[in-house]
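1. Curious how this folds, go ahead:
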Amino acid sequence: MKNPFLLLFVLGLIFQSCEKASGPYSMIYEDISTLEGLKGTESYLNSPFAAAGDRLYLIGNQNGTFPDLGWHVEGEMGGIWLHPIKLLDGFSAQIKIEENTICLSDGKSFTNYPFANVIDYGKITTGLSVDRIHFVPDGREGMVVLYRFQNSAKSSTDFEFSWNAKVDLRPVWLGEQNGMIDGDDQVSFNELTGTYLGKDQDNDWFVVWGSESGITLSPKEDACPIDSKGRGINSAFSIQLSIPAESELIIPIFIAGSTESEFKALETFAELQENLEGDWFTKKARYQEIHEKSQIQIPDQELQKAYEWIKYNTDWLVRDVPGLGRGFGAGLQDYPWFFGVDSEYTIQGLLATGRKELVYSTIELIHNLSEKTNGNGRIIHEASTNGVVFNPGNINETPQWASTIWEVYRWTGDREFLEKYFPSVEKGLKWLLDENDADGNLLADGYGMMEIHGLESEMIDVASYSYKAFSDVAKMAEILGKTDLAESYQQTANALAEKINKDFWVPEFGSYADFIGTADEALHLIDGAIIRADTLYKPWAVEELRTTKEKLSTFPKDQKQGFVIYHNWVVNTPMEVGVADPEKARIALETGRKYTNPFGVFVTGIDRDESAENEDGSFSGSKVFSYTGAVMTLPTGVSAIGENNYGNPKGALDYLKRMTRSFGFALPGSIYEVSPDYGMFTQAWNLYSFAVPIVTQFFGIKPDAGNKVIFIRPQMPNSWENASIEKVQIGENEISLSYQKSGNELILEVEQSEKKWGLSVEIPENYTQVKVLGKEVNTDTQNGYRRFLMTGEKVRIEARTN
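-> Next up, the predicted model:
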């Protein structure tokens with residue numbers, strides 16, 4: 001060891017460790033028993049889970065193994081990642097009792113907790129049971145794995161415990177584009193620290209692992225090695241253990257990494273040892289805060305549980321990457337990096353559930369990447385955690401970004417934030433129409449949310465999100481004193497609203513069109529759609545498409561109009577953003593309900609058939625990852641929001657209940673990207689699909705933090721007679737709301753921390769006998785609602801119909 005400072009540090013590490021007693025390991029086991037855990041099912045033990053922190057995460061299977069997972073970097077998306085590098089493909093363990101050798105590769109049960117998880121191997125031999133806990137602290141480049149051995153025998157048990165690390169220090173996806181080239185790995189043992197060190201020979205990438213000081217680690221040639229892709233190597237050690245009769249022993253394994261130096265990895269290793277108890281309770285307290293923010297009590301307990309855990313799921317996706325920024329990835333295991341559109345949806349859910357800091361850091365990260373890549377207001381689509389942008393942006397992402405900035409202002413009232421991002425929003429809208437609207441009809445051409453080859457003309461989702469963007473940015477411009485610009489933007493929004501309801505509406509289908517294009521463009525797309533429908537054995541869709549093709553063959557090839565071909569979920573975006581004419585919305589929402597199964601809405605409607613009504617089991621997706629045939633939470637959430645926007649909370653609740661059927665289906669505590677068990681095993685935009693319908697629509701909380709006013713118009717499903725929400729953060733204010741309805745009586749109660757803020761509470765005007773408790777400022781009736789404007793810490797409205 002040539003570095004004298006490193007030597008001093010190592011000696012200090014040894015001294016500190018020797019000072020310690022047996023460590024806080026029993027405390028963690030005791031405390032985790034007090035937490036709510038969700039147990040998985042035996043049939044999904046061979047499917048993935050995550051133990052996640054904001055710097056490091058682990059992905060393996062619920063039975064305790066680490067198979068090759070994922071397709072972005074084929075077979076490499078599991079293991080332990082410290083973005084932008086991977087540390088380990090995984091680890092394995094072995095027990096040797098006398099002549100019996102047992103690999104711990106067959107966990108009998110898996111229990112997920114909000115910020116930790118447990119794999120129980122059960123009794124591996126007479127009298128000896130084993131389980132293991134994974135815990136990743138906040139802000140640390142490392143984690144701890146605890147193995148608990150319980151001896152129920154009347155005599156002591158002696159055995160050898162071996163632990164094997166499959167080192168695979170390698171770069172993240174697209175690493176070769178910024179010079180991250182994988183080298184061979186090497187492993188060495190440091191006798192001074194009692195730790196193993198893995199290093200990539202060509203890069204300053206390090207991983208350190210070991211156990212508690214005082215435990216002798218002996219090199220082991222072969223201990224259930226992991227066979228996996230890549231240039232990694234197995235490295236094992238063994239420990240001789242003895243457990244007295246009817247007692248237990250806990251062995252910790254600490255794993256730390258660094259993209260800087262061996263010293264930094266050793267420093268983290270020491271911090272993990274010294275601060276385990278504090279790290280545990282710090283994270284527990286933070287998760288309690290996540291739980292309490294926008295906490296709901298509703299009659300549907302399963303929906304309530306799903307909502308609560310989706311807040312936790314989103315936190316599992318937070319990536320804090322030095323030199324790049326802090327934000328949340330789209331999903332695990334294959335989308336741990338950063339996306340424009342996924343952020344735009346998810347941020348709305350984060351705002352509704354009190355995660356302002358994560359909103360701000362994610363927006364800054366996406367904005368910086370977009371400015372560096374594009375510089376013209378265009379928002380990127382996808383960027384790896386090494387900063388390489390894969391796709392500079394689909395057309396829909398730029399208008400959705402504008403609305404995201406407005407949504408943040410509505411919830412925070414932060415004028416400095418608005419002033420900071422308005423210039424790039426203005427540039428983005430200019431780019432949208434100047435560079436993507438060749439015929440000047442205000443409908444930008446290009447790919448929207450649907451990633452179907454050739455579907456890149458004037459898309460319905462791009463039109464809908466553009467309408468909302470111009471409407472929202474008009475309000476921003478007005479606030480910033482740009483009156484002429486505000487008027488111009490609003491005129492564009494009005495023109496888009498007219499085009500959406502006129503040019504995109506297709507009466508014979510009772511639906512908005514997938515896109516506007518020429519007959520020739522449509523004919524080419526129909527040919528592809530027929531092949532898809534025929535391959536999937538959807539004869540109704542083949543017949544409909546052939547009828548449409550025959551009709552189109554009589555049209556002039558350059559004639560432009562709206563076409564319904566795929567019945568893609570994006571045809572519901574006019575209802576999502578509220579631009580649809582009410583009667584068209586009623587018809588379109590009814591049409592949309594046809595393209596569902598028990599879990600939600602099909603991404604592409606032609607993938608559905610009559611059997612979909614009974615598709616309540618596992619999804620048989622293709623081996624090569626594809627969204628063909630998929631039902632997803634985002635389309636389902638969009639439909640729920642659309643139903644609420646047009647006065648049908650019963651329909652919205654139906655969609656929410658469909659999504660909830662996927663909750664814990666494969667991974668306890670999580671909802672898969674594709675229902676119920678395909679694709680990403682946890683997904684960021686699930687928060688949009690649950691929080692927005694529940695918080696802003698059922699509870700009816702619509703913030704105007706800039707004017708210090710909160711608009712409240714509950715729109716509860718008829719079956720909900722009692723509901724409450726607590727600690728909703730709006731600017732510096734925090735409100736709680738309770739709702740009670742019984743027969744012809746309604747009671748609303750609102751509390752707020754800032755008593756000078758205005759509360760505009762609305763109830764249906766058929767409640768004619770009203771008693772108001774609170775400081776009433778004004779009252780009026782409009783659009784079928786009686787509105788009460790009040791101030792004060794607590795207001796209460798008691799109302800009855802005749």
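
2. Low-confidence regions, the protein specifically.
-> Low-confidence segments of the chain, defined by pLDDT under 70: 1-23, 623.

3. Phi first, then psi, for the residue nearest in space to the middle of it.
-> Taking CA atoms, centre = their mean, the centroid of the chain lies closest to Ala684, which sits 1.2 Å from it. When quoted as degrees, to the nearest 10, the phi and psi of Ala684 stand at phi -60, psi -50.

4. I figured it was touching Ile347, is that so?
-> No. Counting by CB atoms under 8 Å, Ala684 does not reach Ile347; the two are 9.5 Å apart. Heads up, the C-betas are built off the backbone N, CA and C, glycines and all.

5. Against Glu487, how distant is Glu419?
-> Per CB to CB, to the nearest Å, Glu419 is found 20 Å from Glu487.

6. do the same with Asn436
-> Counting by CB to CB - Asn436 and Glu487 are separated by 23 Å.

7. of those two, who's got more company?
-> Ranked by neighbour count (other CB atoms under 10 Å), Asn436 and Glu487 place Asn436 first, with 17 against 13.

8. what about the strands in the stretch 51-200 of the chain?
-> Assigned by DSSP state E, counting those that start in this stretch, the stretch 51-200 of the chain shows strands spanning 57-61, 79-82, 85-97, 100-103, 109-113, 116-125, 128-135, 142-151, 157-171, 185-190, 195-200.

9. Nearest to Thr34, out of the ones you listed?
-> Nearest of the strands of the stretch 51-200 of the chain to Thr34, taken as CB to CB: strand 109-113 at 10.4 Å.

10. That closest one vs strand 57-61, what angle?
-> Angle, strand 109-113 to strand 57-61, by axes from the mean of the first three to the mean of the last three CA atoms, to 10 degrees: 150 degrees.

11. and strand 109-113, which strands flank it?
-> Partners of strand 109-113 in the sheet, by DSSP bridges, are strand 38-39 (antiparallel), strand 116-125 (antiparallel).

12. Quick check: which of those is nearest to Ile725?
-> Among these, the nearest to Ile725 by CB to CB is strand 38-39 (22.8 Å).

13. Can you list the neighbours in contact with the closest one?
-> The list of residues contacting strand 38-39 from outside it, by CB atoms under 8 Å, 6 or more residues apart in numbering, reads Ser109, Phe110, Thr111, Asn112, Tyr113, Trp309, Gly664, Pro668, Gly669.

14. And for stretch 611-619?
-> When contacts are defined by CB under 8 Å, 6+ apart, stretch 611-619 is touched by residues 596-599, 602, 629-631, 661, 674-678.

15. Pro24 and Val118: what is the separation?
-> Here the criterion is CB to CB. By it, Pro24 lies 17 Å from Val118.

16. Could you do Lys305 as well?
-> Lys305 sits 19 Å away from Val118, taking CB to CB as the criterion.

17. Tell me the bridge partners for Asp120.
-> Asp120 forms beta bridges with Ser109, Asp131, as assigned by DSSP bridges.

18. which residues touch it?
-> Residues in contact with Asp120 (CB under 8 Å, 6+ apart) are Gly107, Lys108, Ser109, Phe110, Thr111, Ser129, Asp131.
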